[in-house]
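1. Sequence first, then the predicted structure:
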Amino acid sequence: MNGAAPGRASASALTTQIGNLNVTARNGPVCYTPPVNSPSRAAAAAAGSPGQAPGAAPAAVPQADGLGGVLGGVAAVGNAQYVAAMPPPPPQQQQPGSGISAIFRNATSTLLEVGEPRVCSLPLAGAASMGAPAVVVRHDGFVRRDRLWRGAGLALPVFAARTRHSVGVGEFLDLIPLVDFASASGMRMVQVLPVNDTCVYNMWWDSYPYSTLSVHALHPQYLALRATVDDIEGASMPPDISAEIENARVQLDGPDVDYEGTMATKKRLCRKIFDAVGHKTLQTQAYKDWFAASEHWVVPYAAFSFLRDLFGTAEHWRWGVMAKPSQQLLQDLTSPDKEWHSSILCCYWVQYQLHRQLRQVSEYAASKRVVLKGDLPIGVDKRSVDTWMEPHLFRMDKSTGSPPDFFDPNGQNWGFPTYNWEAMAEDDYLWWRRRLGHLSQYFHAYRIDHILGFCRIWEIPGDCATGMLGYFRPSIPITAKDLEVRGMSGPGVLERLTEPYVTKALLKKLFGPELALEVSARYFIEGEGPGGYRFRPEYYSEKVLWELKERPGSPDWLVEEIAKTRKGLLTLRQNLILVRDPEDPQRLYPRFGLMGTSSYKELPDAGWRSALSQLHDDYFYKRHDALWRSHALKTLPAIMAASDMLICGEDLGFVPNCLPPVMQVQCLLPGDVQCLSRLVRFL
């Protein structure tokens, strides 16, 4: 080997030299084997001998007539381990272009790979290196088997796994009989929806499991009240509280989930249990160990929850001086000398009990050889602990969504802020590593919701209500130069392409002759804009138009008229060809489906229409594969390295061509799951 061993990789692949051979390794397990028919079967070492620290001086390359192998987890081959040479296979087992690799176990033993022979084509002629030894590097992922493994499983929300012991919804401990059912029926996986706290609004809206208040905190609705004192030696639930729990169980055992009733009941009973018995948990060593490991997130979570209830809103930007947290503020809010400190401690206690119960389920599932699979939402709520504590990691004035498709012709606006990946990369994606490390306490595998977001995201300006006027981030924009070389230049061209195209004929078509007069007078400035009408500044925002509503008690004719007005105004607001970047007006993006707009159809120049159609198709279907692949190969390895959980990606929707090969290279499983329309209630 020439030169010192390489250090940590900064890219997804790295080529190093072993003797006079070039070996290319990618992130993930790799195996190097010289082919059996190579002129030289010299064993090799990559970046150190067994037990040698990465970056240390390399060991000498031993020479032998046997085969050598290298296995690494790969910090740019820096943690690859040398495998001693072995005798070659018998001649009858040798095939041209095949090889046998050895997997390093420890200093004294190796494990031979078994299975079908590996076959490859070697450049034996016509190459400058003709006759030189060749090296085959194959990326095998996490495991290689002779036959594909098959297993069955089931997926359902935790709140749907109700038993005769549940209070209002299915609880974590109700997953234990579900695991028993899976095991008894030969299933090997139980998948659940996200289980994080979503208590943003303190109403039934919070039942949506993908809008998280905290990426660490678990949802209090899943707490099994009956088991919250089991960790206190010699303690039992007071009889009066047991009676209340039983009464709540009966009252909330209806055909539908009463989310608000369940949350109010559990919040009240949690405090009652904590005051009566639960506070003793805080003196146990198990709790102290958990708190020490969780303090970095549970203290901000408790402080945030207190302020949310105090101000009556989770919109932390409305909290005045408390909108910008500091360590001093957190210390003041959670200080033992504050009159509300018992509420803070109760919040800690609830999270500890949730942790304890979900860990119990996870360990039980493992004992039954059943994989417990979690769900990782792609976004977090703008009104969350995470955006309050680390706003620099999020683009708070933008939203995440998806472009128009078969399911929604206006696209989707999920309301989550987009990620500031550049800021996240500065500390090696610490936020993601902590998030995944926390999740791995409970789950053996997880599904990445909208894995497309690690290639690119559909970013929507903050004043939009739908997903129609969004654009990809990252992406390669259209510039004025792109338009100019296609003949679109001169005064008024950009305004014509980027502003809503509103004409008198369009107003009459959408609203009718009479209503058109009222609409044009109230919402537009006549005589301006590309089509003769420009939106008044106060009505330019999609959100403002979306929120146009009738007054309570309005007659039916007025309700219908306002609905018609709102729909027509949104159509006009979206009637443009190019979308300007809110941060840089020189960056332009094609409006999705621009060829269907009247703004496009009424362009007088057929050459413009042809050029704009080509730019549209190039932007949405062609120009970004290399960019998005590069972005995914930076972000996905960061989260993969954060835990040893098996990762599955939900790759539905507007899938770019680069995603399937990226998932294959990174050993990510596609997340196709067959769901049953009816579920069994477990006794």
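-> Okay, I see it. Predicted, not measured: the structure shown is a model, and the values here were computed from it.
2. right, and Asp405 touches Phe654 too?
-> Yes: counting by C-beta atoms under 8 Å, Asp405 does reach Phe654; the two are 6.6 Å apart. Where C-beta positions appear, they are placed from N, C-alpha and C, glycine not excepted.
3. what sits against Ala161?
-> Contacts for Ala161 (C-beta atoms under 8 Å, 6 or more residues apart in numbering) come out as 170, 174-175, 178, 682.
4. If we use 6 Å, what do you get?
-> Ala161 makes contact with 170, 174-175, 178, according to C-beta atoms under 6 Å, 6 or more residues apart in numbering.
5. Which residue ranges of the stretch 251-400 of the chain form helices?
-> Taking DSSP state H, counting those that start in this stretch to define them, one finds helices in the stretch 251-400 of the chain at 259-276, 285-311, 327-333, 341-367, 385-389.
6. Please compute how far the second one lies from its chain's middle.
-> What that stands for is helix 285-311. Centroid displacement of helix 285-311 relative to its chain, using C-alpha atoms, centre = their mean, to the nearest Å, is 24 Å.
7. Show me what it is packed against.
-> Secondary-structure packing of helix 285-311 (3 or more C-beta pairs under 6 Å, 6 or more residues apart in numbering; DSSP states H and E): helix 327-333, helix 341-367, helix 385-389.
8. how about the CA coordinates for the last one, as CSV?
-> In CSV, the C-alpha atoms belonging to helix 385-389 read as follows (Å, rounded to 0.1, in the frame of the first residue of the first chain):
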residue,chain,number,x,y,z
VAL,A,385,-40.5,22.9,20.5
ASP,A,386,-38.0,22.2,17.8
THR,A,387,-38.7,25.4,15.8
TRP,A,388,-38.8,27.4,19.1
MET,A,389,-35.4,26.1,20.3
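9. Can you give me the buried ones in that helix?
-> Across helix 385-389, burial judged by 16 or more other C-beta atoms under 10 Å covers 385-389.
10. Name the nearest of these relative to Ala465.
-> Thr387 (20.1 Å; C-beta to C-beta).
11. quick one: that closest one from Glu459, how far?
-> Computed with C-beta to C-beta, to the nearest Å, the distance linking Thr387 and Glu459 is 16 Å.
12. mind listing the helices for the stretch 451-600 of the chain?
-> Using DSSP H, counting those that start in this stretch, helices in the stretch 451-600 of the chain cover 480-484, 493-498, 504-523, 542-546, 556-573, 598-601.
13. Tell me how many other residues surround Met203.
-> For Met203, the neighbour count with other C-beta atoms under 10 Å is 11.
14. and the gap between it and Gly312?
-> From Met203 to Gly312 the distance is 12 Å (C-beta to C-beta).
15. Deepest-packed of the helices of the stretch 251-400 of the chain, please.
-> helix 385-389 (a mean of 23; mean count of other C-beta atoms under 10 Å).
16. Show me what that helix is packed up against.
-> helix 285-311.
17. now the helix it packs on against helix 341-367, angle please.
-> 130 degrees (axes from the mean of the first three to the mean of the last three C-alpha atoms, to 10 degrees).
18. quick one, what contacts the closest residue in space to Phe159 that isn't next to it in sequence?
-> Distance criterion C-beta to C-beta, 6 or more residues apart in numbering; nearest residue to Phe159, sequence neighbours excluded, is Val169 at 3.9 Å. Each residue near Val169 by C-beta under 6 Å, 6+ apart is listed here: 159, 221, 257, 262.
19. let's see 8 Å
-> So Val169 contacts 158-159, 162, 221-222, 257, 259, 262 (C-beta under 8 Å, 6+ apart).
20. Make a markdown table out of these and add distance to Val350 and pLDDT.
-> Putting those into a markdown table (distance: C-beta to C-beta, whole Å; pLDDT from 0 to 100) gives the following:
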| residue | distance to Val350 | pLDDT |
| --- | --- | --- |
| Val158 | 16 | 97 |
| Phe159 | 17 | 96 |
| Arg162 | 20 | 95 |
| Gln221 | 11 | 98 |
| Tyr222 | 11 | 98 |
| Val257 | 20 | 94 |
| Tyr259 | 17 | 97 |
| Thr262 | 14 | 97 |
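21. give the contact list for Ala641.
-> Arg433.
22. which SSE is the closest residue in space to Gly487 that isn't next to it in sequence in?
-> Distances taken as C-beta to C-beta, 6+ apart put Gly607 closest to Gly487, at 5.9 Å, once the chain neighbours are dropped. Per DSSP states H and E: Gly607 is located in helix 606-621.
23. Check which residues of the helix or strand sitting right after that helix along the chain are buried.
-> Where DSSP H and E defines the elements, the next helix or strand beyond helix 606-621 is helix 625-640. Across helix 625-640, burial judged by 16+ other C-beta under 10 Å covers 625, 627-629, 631-640.
24. Pull the number of nearby residues for Cys648.
-> 22.
25. Pretty sure it sits in a strand.
-> Yes: read with DSSP: H, G, I helix; E, B strand; the rest coil, Cys648 is one of the residues of a strand.
26. which residues does it bridge with?
-> Arg447, Leu669 (DSSP bridges).
27. ok, the contacts of Val169 vs Leu668, which is closest?
-> Using C-beta to C-beta, the contacts of Val169 come closest to Leu668 at Val158, 24.6 Å.
28. Touching, the closest one and Tyr222? I think so.
-> Yes: using C-beta under 8 Å, Val158 is in contact with Tyr222, at 5.5 Å.
29. intersection of neighbour lists for those two?
-> 169-172, 195.
30. rewinding a little: what's the helix holding Gly607 packed up against?
-> Other elements packing on helix 606-621 under the criterion 3 or more C-beta pairs under 8 Å, 6 or more residues apart in numbering; DSSP states H and E are strand 588-590, helix 598-601.
31. Columns mean pLDDT and distance to Cys648 on top of those, output as a markdown table?
-> Below are the helices and strands packed on helix 606-621 laid out as a markdown table (pLDDT from 0 to 100; distance: least, C-beta to C-beta, whole Å):
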| stretch | mean pLDDT | distance to Cys648 |
| --- | --- | --- |
| strand 588-590 | 98 | 31 |
| helix 598-601 | 97 | 40 |
